[in-house]
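A.B. asks: Would you be able to build a 3D model of this:
(one chain, ligands or ions: 1)
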Amino acid sequence: MEWGSATLALYGVAAAALATSLVALRRRLQLSKAKHPSLTGHSHMARRVASFVPFYEYSEAELFRTDDAPDEIAARRRAGFMRLAALYQQRFAETIRRTAEVSDAISDLQFTDAYRVPFQYSRFVREHLKTGAFVQSSAGVKVTDLDGNSFYDLTGSYGVNLFGYDFYKETMGTGFEHARELGPVLGPYHPVIAENVKRLREISGLDEVSFHMSGTEAVMQAVRLARYHTRRSHLVRFCGAYHGWWGDVQPGIGNPVPAHETYTLKDMSEDSLRVLRTRHNIACVLVNPLQALHPNAGAPSDSSLVDSTRTAHFDKNAYTDWLKRLRAICTEQSVPLIFDEVFVGFRLAPGGAQEYFGVKADLVTYGKTLGGGLPIGVVCGRRDLMKRFRDDRPADICFARGTFNSHPYVMASMREFLRYFETPQARALYRDLDRIWNERANLLNRRLRQAALPVAVANMSSIWTVSYTQPSRYNWMLQFYLRAEGLALSWIGTGRLIFSLNYTDADFAAVADRFVAAAKAMQQDGWWRSDPALTNKSIKRRVLREMIAHRFSSRRDPPMR
Ligand SMILES: Cc1ncc(COP(=O)(O)O)c(C=O)c1O
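C.D. replies: Okay, the predicted model is just below:
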């Protein structure tokens, strides 16, 4: 009898354990299904794969024919490359000289310089097509380097430049005037802060505001608050989305340690919604609405342009629908929805992405342009989520400080920005904004097509990206032709072009002329060639073969800089 009940109890425990592990297994499978199949969607695997990628580089003899181009084409490429190199050396002499003087001591410069193009080509390109790191002035939509060359600015200063550089010179200048009497006093606030808070509450439609020094910090704080209030551990971000360089939002390549409390899910996918519905450890869902332009793909840097698979397409309706569904699940599960509008806030609509897509978030982060030209990060949020202490547990707090938060000069400059932002003149800029930039993108695409050039642009309002319509290993060369035509790009090259809203039709026409001229010159120099055997797949396979061969061959060390 005793034996029988013990056995029964054992069976009961085993059955319960089995049921529990089946539930756990089912949830694990659901999570796996909600990961994007690319490496970008698998942070741990990406880090592991990255650690296996060996260094190797093409010799000068190989470099112009890594797609098995015939001799004649390789020679044309080499001649074109050397012509560009001579032009760079002559035209950018002083800028390059001054850059060389400091680059050994500025780590950031060494990094960006090394990752402008795929690493196998990097050293040779660096030696011959040096990119200067200095500019001395800005005016209108142009910047001027130390040699007096002026460039149409397509960098947008990482998105900060929304209304034109001259505007920010004004906001900073006037802001400095206002704050001068107080100077750099920190802790107590400059009175301008009250006006900023009032305007930010109106813009965000949220109750409270906190000030930080960068977008990265604003995101850190928003996530920390969500974890504090929900008492849950995991943040959900979507595949490819950039949210600054804090470890938890950058779980893959680039972060030396894994992020254990981050789920990276597929963007715009029912599988991800299922995970949100069934996991109970999710503290917040973090969305960067810029991903609408290239869902599930990372920041499109030219250093990863090994072939022509980079694509982009902005479908506002589809993304709106996705955000609405996300909103509904977050509400249902009491998970705070955070919009990271550090990039797109103020750029898409006066009320930011919330207005543009018609979806309300619980917390919103802003940055970049909001500082009126000075460093800034801001969190706006629901009152219950912004609170950093508990009335019933005085020792249980959510700590957040920062020496330079609410710096008087930044606050005063922000006030100038926000004051202008509310003027009819500024509001007029948002009228027809998408139509204007869509028409400009269409115009450029038409011209590229008419000239039979394998290049196309896609855009989300004034944020653009370039893609390539024919398989090639050399698309990254376009950035150097564009520069030669007087177009300034950021270090990620043709992956992201950011226009300020003070671009006139005439300015844009000049950019389009130069863009087409650059692509034509590149085509004439033989970098793009049609060959049925040259497909994106064959390129990828070849690069993979090279990597495997180098991985298992005797070690070749990276070059000394
Ligand atoms: C969406 C988004 N979030 C956060 C950040 C980080 O901002 P910051 O560079 O000011 O730290 C960026 C920067 O590009 C961003 O685009």
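A.B. asks: Neighbours of the residue in the chain positioned nearest to the ligand, how many?
C.D. replies: Here the chain gets closest to the ligand at one residue, Gly215, 2.3 Å apart by CB to the nearest ligand atom. C-beta: built from backbone N, CA, C; applies to glycine. By other CB atoms under 10 Å, 29 other residues sit near Gly215.
A.B. asks: Same question for the one 5 residues further on.
C.D. replies: Look at Met220: counted by other CB under 10 Å, it has 22 neighbours.
A.B. asks: Just the buried positions in stretch 147-155, please.
C.D. replies: For stretch 147-155, the neighbour count (16 or more other CB atoms under 10 Å) marks Asp147, Asn149, Ser150, Phe151, Tyr152, Asp153, Leu154, Thr155 as buried.
A.B. asks: Among the residues you listed, which ones lie close to the ligand?
C.D. replies: Applying CB under 6 Å from any ligand atom, the subset of the buried residues of stretch 147-155 adjacent to the ligand is empty.
A.B. asks: Restricted to strands, list these.
C.D. replies: Ser150, Phe151, Tyr152, Asp153 (DSSP state E).
A.B. asks: Wait, Gly247 touches Gly254, no?
C.D. replies: No: using CB atoms under 8 Å, Gly247 is not in contact with Gly254; the gap is 9.5 Å.
A.B. asks: quick one, longest helix in the chain?
C.D. replies: helix 2-33 (DSSP state H).
A.B. asks: quick one: contacts of stretch 63-73?
C.D. replies: Applying CB atoms under 8 Å, 6 or more residues apart in numbering, the external contacts of stretch 63-73 come out as 58, 74-75, 77-78, 81, 120-121, 124, 472-474, 526, 529, 531, 533-534, 539, 542.
A.B. asks: let's see 6 Å
C.D. replies: Contacts with stretch 63-73, where a contact means CB atoms under 6 Å, 6 or more residues apart in numbering, come from Tyr58, Ala74, Arg77, Arg78, Phe124, Arg473, Gly526, Arg529, Leu534.
A.B. asks: Likewise for stretch 38-55?
C.D. replies: By CB under 6 Å, 6+ apart, stretch 38-55 touches Lys35, Cys239, Gly240, Pro251, Gly252, Ile253, Thr264, Gly298, Met547, His550, Arg551, Pro558.
A.B. asks: Enumerate the positions of that stretch that are buried.
C.D. replies: Leu39, Thr40, Gly41, His42, Ser43, Ala46, Arg47.
A.B. asks: ok, now stretch 234-249?
C.D. replies: 234-244, 246, 248-249.
A.B. asks: which among the residues you listed are in contact with the ligand?
C.D. replies: Answer for the buried residues of stretch 234-249 near the ligand (CB under 6 Å from any ligand atom): Tyr242, His243, Gly244.
A.B. asks: since we're on the nearest residue to Thr469 once chain neighbours are set aside, how many residues are nearby?
C.D. replies: Closest residue to Thr469 apart from its sequence neighbours, by CB to CB, 6 or more residues apart in numbering: Pro454 at 4.5 Å. Neighbourhood size, Pro454 [other CB under 10 Å]: 21.
A.B. asks: I figured Pro454 was touching Trp528, is that so?
C.D. replies: Yes: using CB atoms under 6 Å, Pro454 makes contact with Trp528 at a distance of 5.3 Å.
A.B. asks: contacting residues for Gly252?
C.D. replies: Ser43, Ala46.
A.B. asks: That one and Met45: what is the separation?
C.D. replies: Relative to Met45, Gly252 is positioned 9 Å away (CB to CB, to the nearest Å).
A.B. asks: got a markdown table for the buried residues of stretch 234-249, with pLDDT and secondary structure too?
C.D. replies: Listed next are the buried residues of stretch 234-249 as a markdown table, based on pLDDT from 0 to 100; DSSP: H, G, I helix; E, B strand; the rest coil:
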| residue | pLDDT | secondary structure |
| --- | --- | --- |
| His234 | 98 | strand |
| Leu235 | 98 | strand |
| Val236 | 98 | strand |
| Arg237 | 98 | strand |
| Phe238 | 98 | strand |
| Cys239 | 97 | coil |
| Gly240 | 96 | coil |
| Ala241 | 97 | coil |
| Tyr242 | 97 | coil |
| His243 | 98 | coil |
| Gly244 | 97 | coil |
| Trp246 | 96 | coil |
| Asp248 | 96 | helix |
| Val249 | 97 | helix |
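A.B. asks: how deep is Leu418 tucked in, by neighbour count?
C.D. replies: By other CB under 10 Å, the residues close to Leu418 number 22.
A.B. asks: quick one: it from Phe64, how far?
C.D. replies: Separation of Leu418 from Phe64 (CB to CB) stands at 52 Å.
A.B. asks: quick one: secondary structure of Val284?
C.D. replies: One thing to correct before we go on: residue 284 is Cys, not Val. strand (DSSP: H, G, I helix; E, B strand; the rest coil).
A.B. asks: Surely it touches Leu337?
C.D. replies: No: contact criterion CB under 6 Å: Cys284 and Leu337 do not qualify, at 7.4 Å.
A.B. asks: From the neighbour counts alone, determine which of the two ranks first.
C.D. replies: Taking other CB under 10 Å, Cys284 and Leu337 do not tie; Cys284 has more neighbours (26 against 23).
A.B. asks: contacting residues around the residue lying closest to the more buried one once chain neighbours are set aside?
C.D. replies: Spatially, and ignoring its direct neighbours in sequence, Cys284 is nearest to Ala226 (3.5 Å; CB to CB, 6+ apart). Ala226 is in contact with Ala283, Cys284, Pro336, counting by CB under 6 Å, 6+ apart.
A.B. asks: so where is the protein shaky, pLDDT-wise?
C.D. replies: Scanning the chain for pLDDT under 70 picks out 1-3, 554-561.
A.B. asks: Return the residues of it in contact with the ligand.
C.D. replies: So the chain meets the ligand at 158, 214-216, 219, 242-244, 288, 340, 342-343, 367, 377 (CB under 6 Å from any ligand atom).
A.B. asks: what about 8 Å?
C.D. replies: Residues of the chain lying near the ligand by CB under 8 Å from any ligand atom: 158-159, 214-219, 241-245, 249, 288, 290, 340-344, 365, 367-368, 375-377.
A.B. asks: Just the ones of those residues in strands?
C.D. replies: Filtering the residues of the chain next to the ligand for strands - DSSP E - leaves Asp340, Thr365, Gly367, Gly377.
A.B. asks: Now render those as CSV, adding neighbour count and distance to Ser269.
C.D. replies: Formatted as CSV, those follow (neighbours: other CB atoms under 10 Å; distance: CB to CB, whole Å):
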residue, neighbour count, distance to Ser269
Asp340, 31, 19
Thr365, 33, 23
Gly367, 29, 28
Gly377, 27, 29
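A.B. asks: Tell me how many other residues crowd Tyr319.
C.D. replies: 23.
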